[in-house]
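Need a 3D model of the following:
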Amino acid sequence: MKLRSFLLSVLLALSCAFAQSAPTSANQPFTVEYYYKAKWGYADEFLQLFKKNHYPVLKKEIETGRLLKVWVDQPRYHSTEEGRWDYRVTIVFKNATVANEPFDEAALQKQLYPDQDTFKKEEQRRFEILLAHWDLPIKSVDAEGK
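Purely as a prediction, here's the structure:
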């Protein structure tokens, strides 16, 4: 029940954040942080599958100009279980429009991974070992502005 309440709170916060985070300029980069919390003992397996199957797709999206930058962070120290996350993938999209319009990622996946059965099985495994996943659009704040 705690997890359900937590997830509902995250979804509510995300919807509010997303509604307030749309850039005013169509040419302004749009940043989203993707958080992943794996079951205890499976974070390394998650990262290995992410690097094998998803990161190359994101790199191709950089080549197309859809994405500007992608990087992965992990916390240096432990936190409480409620606030714990194992990896944060930050993606900087060209702009908010590009981030929210439909995109056929499957075409890139088929190009990069001809053995689709293995690819789909490994991607399913990557998400099976997650306890939680959430996306957080980021809005920069001008601390110097009035």
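
Let's test this: mean pLDDT of stretch 110-117, rounded?
In this model, stretch 110-117 has an average pLDDT of 97.

Check stretch 62-79 too.
Mean predicted lDDT for stretch 62-79 stands at 96.

Residues contacting stretch 96-114, please?
By C-beta atoms under 8 Å, 6 or more residues apart in numbering, the residues outside stretch 96-114 that reach it are 22-23, 26, 28, 30, 32, 53, 56-57, 60-61, 66, 93, 116, 119, 137. Quick note: C-beta positions are derived from backbone N, CA and C, even for glycine.

can we see that at 7 Å?
22, 23, 26, 30, 32, 56, 57, 60, 66, 93, 116, 119 (C-beta atoms under 7 Å, 6 or more residues apart in numbering).

Any of those buried? List them.
Neighbour-count burial (16 or more other C-beta atoms under 10 Å) applied to the contacts of stretch 96-114 gives 23, 30, 32, 60, 66, 93, 119.

Confirm the last one sits in a strand?
Spelled out, that is residue 119. No - assigned with DSSP: H, G, I helix; E, B strand; the rest coil, residue 119 falls outside any strand and is helix.

Could you report the distance from it to residue 36?
For residue 119, the distance to residue 36 (C-beta to C-beta, to the nearest Å) stands at 19 Å.

in its sheet, what does the helix or strand where residue 92 lies sit against?
Using DSSP states H and E, the element containing residue 92 is strand 87-93. Applying DSSP bridges to the sheet, strand 87-93 is found paired with strand 30-38 (antiparallel), strand 67-73 (antiparallel).

pLDDT score for the most centrally placed residue in the chain?
For the chain, the residue nearest the mean C-alpha position is residue 34 (2.8 Å; C-alpha atoms, centre = their mean). The per-residue pLDDT reported for residue 34 equals 98.

circling back: between the buried ones among the contacts of stretch 96-114, which sits nearest residue 141?
residue 23 (12.8 Å; C-beta to C-beta).

Please enumerate the helices of this protein.
2-21, 43-49, 55-64, 96-100, 105-112, 116-128 (DSSP state H).

give me the low-pLDDT residue ranges for the chain?
1-25 (pLDDT under 70).
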